[in-house]
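structure, please.
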Amino acid sequence: MKSSADEFDPDASLSAMLDRVRATAQEVGDRYPLYADPGSGAWTTTRRGSWTAGYWTGLLWLAARHSGDPEDRDRAVAWTARLRERTADDTVTRAMTFWYGAVSGHLLCGDETALAVALDGAAALATAYDDRLGLIPLGTAFGQGDRGLSTTAIDSVAAVTALLCWAGRTADRPRWLEIAHANAVRHLELCLAADGAVRATVALGGEPEGTHPPGGWSRGQAWGMLAFATAARELRTAGFADAARQAARYWANCTAASVPSWSFTEQHGPRDTSAGAIAAVALLALDDADSARQLVSALVKGHLTGVHGRSADHRPAGMLLDGCYDMASGTATGHELIWGDHFLASALAQLAGGAGG
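Just a heads-up that it's a prediction; the model follows:
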């Protein structure tokens, strides 16, 4: 007898999501999709992609790999070339931009444009490493000012590790591997509490460490799981695997394998499916396919439009609903989020037996 987690088809779900990607490309023109209205599916867009540009471009590469259609590939190449303008941005989120948006094009489709853009991005990111702090700080690009040079966050750590390890090996730059290792070690020291709770943001000058208590913000916990699981895979260090499993146990204790609220301390608040999608990719990186599949099943059956008995839904198929962008400002607290789409599609691709993540 199949378990409830087996009552969904990863291929069908992925196909619906990638059809949504193609439709989104037609809608947004030359602007980056950020979040979509849960009723109409209409996207709010940005000119340069904010911190999420790589997730959109990565979805285009997944579509190209899945279909083999030259039109899909040409679209992904064109958007990847645009990422070059982000190399000079003083923000650690460049790691997300170039890992998910450019390296994916090389790994999924062998694209040379993506290879060149990714290496340029890695080189720029490595210059932001601060020897005194032992990490790459947030940076100043998103209004942090000088405070961003002494503040760090867990959300980019997985991408920093993956990008610099891949680029260091590809370009024979051992210094980039050293930076990746030092950055991951420092964030392990700063961000993981003894009980497995993850501190999402840390101010290194002694100021308060942000608006979320350790382990309170579900997406911060998911980012931590992914950070340490990625470090375990790329750096082959047992301590990171132990940290990732510890963070995953904390997640499991707070969620009971369901899609979490945006905050573990506000269980009746809005859910955040993007946190669940990130956690699913982290669980796959930890080789916990059963837990990942159970979580992906909950996301698909409860929150993905147009599949699994909900084809009569008037909304576009393939929307991952109920993502919570920013509860504090009330921004997009029950919407489709571009990074949520990316991580769920990546998890589905892996569960379906293809490349992803």
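
what does stretch 161-168 contact?
With contact meaning C-beta atoms under 8 Å, 6 or more residues apart in numbering, stretch 161-168 is reached by 95, 98-99, 103, 118-119, 121-123, 125-126, 173-177, 179-180, 183-184, 227, 230-231, 234-235. Quick note: C-beta positions are derived from backbone N, CA and C, even for glycine.

among those, name the ones in helices.
Secondary structure assignment by DSSP state H places 95, 98, 118-119, 121-123, 125-126, 174-177, 179-180, 183-184, 227, 230-231, 234-235 of the contacts of stretch 161-168 in helices.

can you pull out the strands in the chain?
For the chain, the strands defined by DSSP state E occupy 32-36, 43-46, 151-153, 201-203, 336-337.

buried deepest among these, which one?
Among the strands of the chain, strand 336-337 has the highest mean neighbour count (mean count of other C-beta atoms under 10 Å), at a mean of 28.

on that earlier part again, list only buried entries from the contacts of stretch 161-168.
Among the contacts of stretch 161-168, the ones that count as buried by 16 or more other C-beta atoms under 10 Å are 95, 98-99, 103, 118-119, 121-123, 125-126, 173, 176-177, 179-180, 183-184, 227, 230-231, 234-235.

now Val157. Nearest residue, chain neighbours left out?
Nearest non-adjacent residue to Val157, counting by C-beta to C-beta, 6 or more residues apart in numbering: Ala227, 3.7 Å away.

tell me the pLDDT at the one you found?
pLDDT for Ala227: 98.

okay, now the unreliable bits of the stretch 251-357 of the chain?
The stretch 251-357 of the chain contains residues with pLDDT under 70 at 257, 308-312, 354-357.

any idea where the helices of it begin and end?
Ranges of helices in the stretch 251-357 of the chain, per DSSP state H, counting those that start in this stretch, are 273-285, 289-303, 338-351.

angle of the longest one against helix 273-285?
I take that to be helix 289-303. Helix 289-303 runs at 160 degrees relative to helix 273-285, counting by axes from the mean of the first three to the mean of the last three C-alpha atoms, to 10 degrees.

quick one: buried residues of helix 289-303?
For helix 289-303, burial by neighbour count (16+ other C-beta under 10 Å) applies to 291-303.

those residues into TSV, with extra columns for distance to Arg75?
Output for the buried residues of helix 289-303, formatted as TSV (distance: C-beta to C-beta, whole Å):
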residue	distance to Arg75
Ser291	34
Ala292	29
Arg293	30
Gln294	34
Leu295	30
Val296	26
Ser297	30
Ala298	31
Leu299	26
Val300	25
Lys301	30
Gly302	31
His303	27
